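Asker: coordinates only, sequence not included:
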């Protein structure tokens, strides 16, 4: 682990700036080490915690199990043929094994033990390996509720079930809890690089929300969206969803962020501009919403009433994240936070989701925009340490100056660990200002 952290320091920390993206070969090397760390140091503990002593994952090319997608070697873009991975843990000795029953080794970290010349039938080879380990529980990826834990196809389930002796069929159990734990749990190494991902995302937003991109009265919100897509592409990165940019302004328009018409708006001085944006890099994802203000001629800052509205959004964040407690369900935290916010005269809406290996990830969900009374299953899932979230919420604020409600919509990546909650790379407390450069002021 020490060698991995030293490598990270050399690659990332030294002379790092927000858009210093690693070449593909160096990314692959780092991802390989990151995955090795997760296989060897994280997975055995998760299997022990969830009481699964064997985990069987079966997938095939172009129909990958979502869990296997998080494990694919950096030189694999898809699974190959039928790919079978088996992880086993001896509860007494704590011996851990990771093997592939496949035609190829699964990258550098998981060797293949199937000799097709000796045993032509891949399923027979899998059966013999399972019997040799004699597990108590064989975890498979089936789930009624969590899509990321439901990756085993009906065909593959049937093949596995039919090849096993009857006494082993009884050992098949859902690996739902293990799958969720694998997806939601962050390692120390991942959290170190997560900071850089958030910085890259914020840097792209701040360039998009500047006069380099926006000319008030000419540039549309959709122009900014496609600039962001092109910027990500130029940097050799990916977006995991199509960004959005919208505005709210002093006129008769509705709350733009939810009307589906914002992309046709021409950005004007005095607009409150908002984006929703996320990138994928080094196996992790960001999900960020930030706010900017288009300066009117002669202005050097946003109006006080907008500044105060942002403070209300920050207050909702504080109320919410101060309620994060290990073992408490997302629905309980949501209910308590909404009640506290309303008691203070705020008008909050909270729709926070797990963030990490996937953008909309597995784990504790804390509200949805259309489910403020709680979310079945994922909202009942208790909060765990070493997990990351997109702290996504808004508060509605009435502006007498505009004679209408606006929404202060914020989203920022955060981490919950044994020391409590923290933002991975800070949060927005001031608007990004877009307009002519003035003394003491930059875009």
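Answerer: Okay, I see it. Being a predicted model, the structure only gives us computed values, none of them experimental. Residues are numbered from 1 along each chain as shown.

Asker: any stretches of the chain with poor pLDDT?
Answerer: Judged by pLDDT under 70, the chain has its weakly predicted residues at 1-19, 253-264, 437-443.

Asker: can you show me the helices along it?
Answerer: The residue ranges that make up the helices of the chain, judged by DSSP state H, are 2-8, 24-37, 43-49, 66-69, 122-133, 154-163, 166-169, 176-184, 188-208, 221-234, 304-321, 330-343.

Asker: right, so of those helices, which gets closest to residue 385?
Answerer: Residue 385 sits nearest to helix 176-184 of all the helices of the chain, at 10.3 Å, using CB to CB. Placement of C-beta: from N, CA and C, glycine included.

Asker: residue 279 and residue 287 touch, don't they?
Answerer: No - contact status for residue 279 versus residue 287: not in contact, 9.2 Å apart, counting by CB atoms under 8 Å.

Asker: residue 275: which of the helices of the chain is closest?
Answerer: With CB to CB, the closest approach to residue 275 among the helices of the chain belongs to helix 188-208: 6.0 Å.

Asker: tilt between the closest one and helix 221-234?
Answerer: Calculated by axes from the mean of the first three to the mean of the last three CA atoms, to 10 degrees, helix 188-208 forms an angle of 140 degrees with helix 221-234.

Asker: tell me how far helix 188-208 lies from the chain's centre.
Answerer: Between the centre of helix 188-208 and the centre of its host chain there is 12 Å, according to CA atoms, centre = their mean, to the nearest Å.

Asker: burial count for the nearest residue to residue 342 once chain neighbours are set aside?
Answerer: Leaving aside its chain neighbours, residue 342 sits nearest to residue 348 (7.1 Å; criterion: CB to CB, 6 or more residues apart in numbering). Counted by other CB atoms under 10 Å, the residues lying close to residue 348 total 25.

Asker: residue 348: what's it in contact with?
Answerer: 316, 319, 320, 337, 338, 341, 342, 393, 394, 395 (CB atoms under 8 Å, 6 or more residues apart in numbering).

Asker: tell me what it is bridged to.
Answerer: Counting by DSSP bridges, residue 348 forms beta bridges with residue 395.

Asker: how close does it get to residue 410?
Answerer: With distances defined as CB to CB, to the nearest Å, the gap from residue 348 to residue 410 amounts to 11 Å.

Asker: what do those two both touch?
Answerer: With contacts defined as CB under 8 Å, 6+ apart, the residues adjacent to both residue 348 and residue 410 are 393, 394.

Asker: residue at max distance from the center of the chain?
Answerer: Most distant from the centre of the chain: residue 118, at 42.8 Å, with distances by CA atoms, centre = their mean.

Asker: you'd agree residue 209 is up against residue 275?
Answerer: Yes - look at residue 209 against residue 275 with CB under 8 Å: they come within range, at 7.3 Å.

Asker: what touches both of these two?
Answerer: 224, 290, 292.

Asker: now do the domain split for this structure, please.
Answerer: Residue ranges of the domains in the chain are recorded as 2-182, 187-434, according to automatic domain parsing.

Asker: any idea which of the shared contacts of residue 209 and residue 275 is closest to residue 368?
Answerer: In terms of CB to CB, no member of the shared contacts of residue 209 and residue 275 lies closer to residue 368 than residue 290, at 21.2 Å.

Asker: what sits closest to the residue nearest the centre of the chain if chain neighbours are left out?
Answerer: Centroid-nearest residue in the chain, with CA atoms, centre = their mean: residue 355, separated by 2.5 Å. The spatial neighbour of residue 355 that comes closest, neighbours along the chain excluded (CB to CB, 6+ apart), is residue 390 at 4.3 Å.

Asker: for the one you found, grab the count of nearby residues.
Answerer: Residue 390 sits with 24 neighbouring residues when counted by other CB under 10 Å.

Asker: which ones are touching it?
Answerer: When contacts are counted by CB under 8 Å, 6+ apart, residue 390 touches 287, 288, 352, 353, 354, 355, 359, 411, 412, 413, 414.

Asker: mind listing the residues bridging to it?
Answerer: As for beta bridges, residue 390 partners with residue 353, residue 413 under DSSP bridges.

Asker: mind checking how far it is from residue 367?
Answerer: Between residue 390 and residue 367 the distance is 12 Å, computed by CB to CB.

Asker: distance of residue 435 from residue 93?
Answerer: In this structure, residue 435 lies at 66 Å from residue 93, with CB to CB as the measure.

Asker: please disregard the earlier target; I meant residue 139.
Answerer: Using CB to CB, we find residue 139 at a distance of 19 Å from residue 93.

Asker: which one of the two is surrounded by more residues?
Answerer: residue 139 (25 against 7).

Asker: surely that one meets residue 51?
Answerer: No - with the criterion set as CB under 8 Å, residue 139 and residue 51 do not qualify as a contacting pair; they are 9.3 Å apart.

Asker: so what's the nearest residue to residue 335 once chain neighbours are set aside up against?
Answerer: When the adjacent residues along the chain are set aside, residue 335 lies closest to residue 374, with 6.9 Å between them (CB to CB, 6+ apart). Applying CB under 8 Å, 6+ apart to residue 374 gives the contacts 331, 334, 335, 367.

Asker: ok, how many other residues are close to the last one?
Answerer: Going back to what we said before, that points to residue 367. Residues lying near residue 367 (other CB under 10 Å) number 27.

Asker: the residue nearest to residue 365 when sequence neighbours are not counted and residue 66, how far apart?
Answerer: Setting aside the residues directly before and after it, residue 365 is nearest to residue 378 in space (CB to CB, 6+ apart), at 3.8 Å. Between residue 378 and residue 66 the distance, using CB to CB, works out to 15 Å.

Asker: and residue 247, by the same measure?
Answerer: For residue 247, the distance to residue 66 under the criterion CB to CB works out to 36 Å.

Asker: and what of residue 269?
Answerer: Going from residue 269 to residue 66 by CB to CB gives 45 Å.

Asker: so between those two, which is more surrounded?
Answerer: Higher neighbour count among residue 269 and residue 66: residue 66, with 19 against 15, using other CB under 10 Å.

Asker: ok, the more buried one - contacts?
Answerer: If you count contacts by CB under 8 Å, 6+ apart, residue 66 has them with 147, 148, 149, 151, 358.

Asker: likewise residue 354?
Answerer: Each residue near residue 354 by CB under 8 Å, 6+ apart is listed here: 183, 184, 360, 361, 362, 363, 364, 365, 387, 388, 389, 390.

Asker: take the residues you listed and lay them out in JSON lines including distance to residue 425.
Answerer: Compiled in JSON lines, the contacts of residue 354 are given as follows (distance: CB to CB, whole Å):
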{"residue": "183", "distance to residue 425": "22"}
{"residue": "184", "distance to residue 425": "20"}
{"residue": "360", "distance to residue 425": "20"}
{"residue": "361", "distance to residue 425": "18"}
{"residue": "362", "distance to residue 425": "23"}
{"residue": "363", "distance to residue 425": "20"}
{"residue": "364", "distance to residue 425": "21"}
{"residue": "365", "distance to residue 425": "23"}
{"residue": "387", "distance to residue 425": "17"}
{"residue": "388", "distance to residue 425": "12"}
{"residue": "389", "distance to residue 425": "14"}
{"residue": "390", "distance to residue 425": "13"}
